[in-house]
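Participant: model this:
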Amino acid sequence: MRNITELQERLNTKNSFEHRYNIENDDKIHLLYVSPRLNATGYYRMITPALEINKTTTHKVIITSIENNDFSRRLSDFVNQMDERLIAWADYIIFPPLFSDISYLVKAIKILNLSVQLVMDVDKNYFAVPDYIPLSRKLTQEKLQSFQFNLGAMDLVTVANKAFQNFLQRLIDDRLENANTLVQYIPSLVSRYGYEEMPPIQKNVTNKLRIGFIKPDEDSLLSLKEVVLKLKTSLKEKIQFVCLGKPHSSKEGDLLLKEIDCEIHSTVSFLDYFEKLNDLTLDLVLLPAKEGLYNRHQNSQLFLELSVFGIPTITSIYHPAKLLLKEGETGWLASENNEWYDLLHSVINDDTLEVVGKNALKWCWRNNSFNAKTLESLTQIFI
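Facilitator: Next comes the predicted model:
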């Protein structure tokens, strides 16, 4: 993360415009990424693509700022970073999801740069957030209505899930009569920038198999209640459950974690996240998911992160990672409770975990990382 933290410091508003940005004339295509947050979404969808694209000879990227603000930040937080010189410089301006009325901002941008293309990267299906996800309480109908109109004001909307691409294109075409917005799939990819100065992959040296949950939502966690309780009873001395990021749960979720004697770790800042994942020394991670549009349209970033550390997964057939996972080679799929239990019981008692973890690691860097081929595919979108 060294390059990213150095970039964040350089983009601090205490520094002069000239120190923060280089807008010298050249014949490259110019991309302006507006105020990504220093979280998983900002990292995968804006920060690392910007750093990787800047390696090319055809495109140049500027990030206005790297923010620590949360979901509730105001539109003015973005506008304050959008200097007129940057708008005039840009061929494409890429926004994160915006939930305030940006019609006046779009008009102002077009006055300054009539030919600029406006882009919004949408990280999840905000129209289908279920009630059990805390974000749903922040998404008022007013916010969703503004977000919908903002989509129609874009020339291009980018997403990380092909099923979501189809859904969002139909929604825009059906609901926004005058919109000419194209929805484009851009996969999230792993980058070496996230693993700078990372120590070697740590291995579990205890006599118990460490089985992890990573930031699970409560409903998904409880969907495996019968499985984990049965497993804890039958393999009591052989396993240790580990949870990173305790879910926003009711008493039932808390009770389940207590019943299975789960080792609980608090969430950490994204800057420390990869190091924390490594420190957990997990042998296996469970990726439960409930059937529904929200999960169907999610990204597969967590599966990629685990693969980078050689941690195999048992993944729900309703999890988007199903589309990436190669059954028995880079992980396993399960649906019914008996499938989860049988798979867990079998992998715990043989030596396939390490082999599958190594396969996942090699597959991830070979097929889902920034390289010459994936960079060419990405830059061809911005022409």
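Participant: ranges for the helices of the stretch 1-150 of the chain?
Facilitator: 2-10, 17-20, 40-42, 48-53, 75-79, 84-89, 103-112, 141-152 (DSSP state H, counting those that start in this stretch).
Participant: For residue 289, find the nearest of those.
Facilitator: For residue 289, the closest of the helices of the stretch 1-150 of the chain is helix 40-42, at 16.8 Å, according to C-beta to C-beta. Quick note: C-beta positions are derived from backbone N, CA and C, even for glycine.
Participant: Run through who's touching the closest one.
Facilitator: 36, 66-67, 96, 123, 270, 273, 301 (C-beta atoms under 8 Å, 6 or more residues apart in numbering).
Participant: how about those in a markdown table, adding pLDDT, neighbour count and distance to residue 111?
Facilitator: Converted to a markdown table, the contacts of helix 40-42 look like this (pLDDT from 0 to 100; neighbours: other C-beta atoms under 10 Å; distance: C-beta to C-beta, whole Å):
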| residue | pLDDT | neighbour count | distance to residue 111 |
| --- | --- | --- | --- |
| 36 | 94 | 25 | 25 |
| 66 | 92 | 23 | 27 |
| 67 | 87 | 20 | 26 |
| 96 | 94 | 20 | 23 |
| 123 | 95 | 23 | 29 |
| 270 | 92 | 18 | 36 |
| 273 | 94 | 21 | 41 |
| 301 | 94 | 21 | 37 |
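Participant: among the residues you listed, which are in strands?
Facilitator: Among the contacts of helix 40-42, DSSP state E puts none in strands.
Participant: Leaving out the residues flanking it, which one is nearest to residue 263?
Facilitator: Nearest non-adjacent residue to residue 263, counting by C-beta to C-beta, 6 or more residues apart in numbering: residue 242, 4.7 Å away.
Participant: pretty sure that neighbour is in a strand, no?
Facilitator: Yes - judged by DSSP: H, G, I helix; E, B strand; the rest coil, residue 242 forms part of a strand.
Participant: wouldn't it be in contact with residue 212 here?
Facilitator: Yes - in terms of C-beta atoms under 8 Å, residue 242 counts as a neighbour of residue 212; the distance is 4.6 Å.
Participant: what sits in contact with each of these two?
Facilitator: 280, 282.
Participant: follow-up on the earlier one: got the contacts of helix 40-42 as JSON lines, with distance to residue 319 columns?
Facilitator: Shown next, in JSON lines, are the contacts of helix 40-42 (distance: C-beta to C-beta, whole Å):
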{"residue": "36", "distance to residue 319": "25"}
{"residue": "66", "distance to residue 319": "29"}
{"residue": "67", "distance to residue 319": "29"}
{"residue": "96", "distance to residue 319": "24"}
{"residue": "123", "distance to residue 319": "16"}
{"residue": "270", "distance to residue 319": "21"}
{"residue": "273", "distance to residue 319": "20"}
{"residue": "301", "distance to residue 319": "12"}
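Participant: can you tell me how far the nearest residue to residue 365 once chain neighbours are set aside sits from residue 301?
Facilitator: Once flanking residues are discounted, residue 365 sits nearest to residue 190: 7.0 Å by C-beta to C-beta, 6+ apart. Using C-beta to C-beta, to the nearest Å, residue 190 is found at 9 Å from residue 301.
Participant: Kindly report the same for residue 66.
Facilitator: Distance from residue 66 to residue 301, by C-beta to C-beta: 18 Å.
Participant: now residue 231, nearest residue through space, not along the chain?
Facilitator: residue 344 (5.7 Å).
Participant: actually residue 197, sorry about that
Facilitator: Nearest residue to residue 197 in three dimensions, chain neighbours excluded: residue 2, at 5.9 Å (C-beta to C-beta, 6+ apart).
Participant: Quick one: neighbours of that neighbour, just the number.
Facilitator: 9 (other C-beta atoms under 10 Å).
Participant: Distance check, it against residue 198.
Facilitator: Noted for residue 2: a distance of 10 Å to residue 198, by C-beta to C-beta.
Participant: now residue 120
Facilitator: 32 Å.
Participant: packing partners for whichever strand or helix holds residue 333?
Facilitator: Applying DSSP states H and E as the criterion places residue 333 in strand 332-334. Strand 332-334 sits against strand 313-316, helix 337-348, with contacts defined as 3 or more C-beta pairs under 8 Å, 6 or more residues apart in numbering; DSSP states H and E.
Participant: wait, what's in contact with residue 228?
Facilitator: Counting by C-beta under 8 Å, 6+ apart, residue 228 has contacts 241, 256, 260.
Participant: what's the pLDDT at it?
Facilitator: Per-residue confidence (pLDDT) for residue 228: 94.
Participant: That one in helix, strand or coil?
Facilitator: Going by three-state DSSP: residue 228 is helix.
Participant: Make residue 1 into 445 and carry on from there
Facilitator: Got it, the first residue is 445 from now on, which makes the last one we talked about residue 672.
Participant: before we move on, the earlier item: the more surrounded of residue 686 and residue 656?
Facilitator: Taking other C-beta under 10 Å, residue 686 and residue 656 do not tie; residue 656 has more neighbours (25 against 19).
Participant: Quick check: that one touching residue 725?
Facilitator: No - judged on C-beta under 8 Å, residue 656 makes no contact with residue 725 at a distance of 9.6 Å.
Participant: mind checking which helix or strand of this structure has the lowest mean pLDDT?
Facilitator: In the chain, no helix or strand scores lower on mean pLDDT, DSSP states H and E than helix 519-523, which sits at a mean of 60.
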